[in-house]
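K.L.:
sequence first, predicted model second:
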Amino acid sequence: MQGTTLGTGGAGDGKAVGRRLISPEEFEKTYRVLRSELETATGGPGRWALVGVKRRGAALGRRLWKDLRARHPDLDYGEVDISLYRDDYHLQEGHPQVLGTEISFAVDDASLLLIDDVLFTGRTVRAAMDLILDFGRPRRIWLAVFVDRGHRELPIAADFVGCTLETSREDRVMVRLREVEGGDDAVELLPAAGDRRPEVRSRS
């Protein structure tokens, strides 16, 4: 499912400053729609589990899991840390922070919903799937993301999307979550230095 599309057009004053694209109120509306879609999906036959990608995807995934358990008490939850599975691991300076993977349920023949905050090149998702497959062979893996910002480098698409952003490749999309930063939930776009200021299209 595809959500709202927001643009980053060329208008603006040229300042390289961050801009809030999704307010706390809009975030809550988008979250409710995404949660409803996942509630329907996880009501299907067989065992289901949510798997959050650390760090922000896990925070979002745990929130969704807590909300969905009201209707699906048998829904499992796990978290994956893809730090050592990234295909650019050898290019990273120093040692990446390893947060640990926590999957306490049987992956074999389970239907998994992989949760992440932002879908960009697809490389994080690919690493997460590689890690999960080391635990077993799930029946299926579906992907749910809060933001799809485009610029894919691998043939990966989300099954459930909260909202879609049209961004420059150099932009940095930040999903702020109360579980991570505290304060309000929001989505901000931080353009690269010297880039144009992002512009939000009217929401439909």
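P.N.:
Arrived safely.
K.L.:
drop to CA atoms for contacts and neighbour counts, all remaining ones
P.N.:
Noted.
K.L.:
pLDDT of the helix ranked longest in the chain, averaged?
P.N.:
What stands out as the longest helix in the chain, according to DSSP state H, is helix 24-41. Looking at helix 24-41 alone, the average pLDDT works out to 98.
K.L.:
which strands or helices does the helix or strand following it pack on?
P.N.:
Note on helix 24-41: by DSSP states H and E, the next helix or strand toward the C-terminus is strand 48-53. Here strand 48-53 touches helix 56-68, strand 76-80, strand 111-119, going by 3 or more C-alpha pairs under 8 Å, 6 or more residues apart in numbering; DSSP states H and E.
K.L.:
lowest-pLDDT helix or strand in the protein?
P.N.:
Least confident helix or strand, the chain: strand 4-6 with a mean of 59, by mean pLDDT, DSSP states H and E.
K.L.:
pairing partners for the helix or strand just after it, with directions?
P.N.:
Later in the chain than strand 4-6, the nearest helix or strand by DSSP H and E is strand 19-22. When pairing is defined by DSSP bridges, strand 19-22 lines up against strand 186-190 (antiparallel).
K.L.:
quick one: the partner strand to strand 111-119, angle?
P.N.:
Here strand 186-190 runs at an angle of 50 degrees relative to strand 111-119 (axes from the mean of the first three to the mean of the last three C-alpha atoms, to 10 degrees).
K.L.:
please shift the residue numbers so they start at 2 in all later answers.
P.N.:
Sure, I'll start counting at 2 from here, so that last one is strand 187-191.
K.L.:
what's the angle from strand 187-191 to helix 25-42?
P.N.:
Going by the same axes, to 10 degrees, strand 187-191 is angled at 110 degrees with respect to helix 25-42.
K.L.:
rewinding a little: helices and strands around the longest helix of the chain, which ones?
P.N.:
helix 57-69, strand 161-166, strand 187-191.
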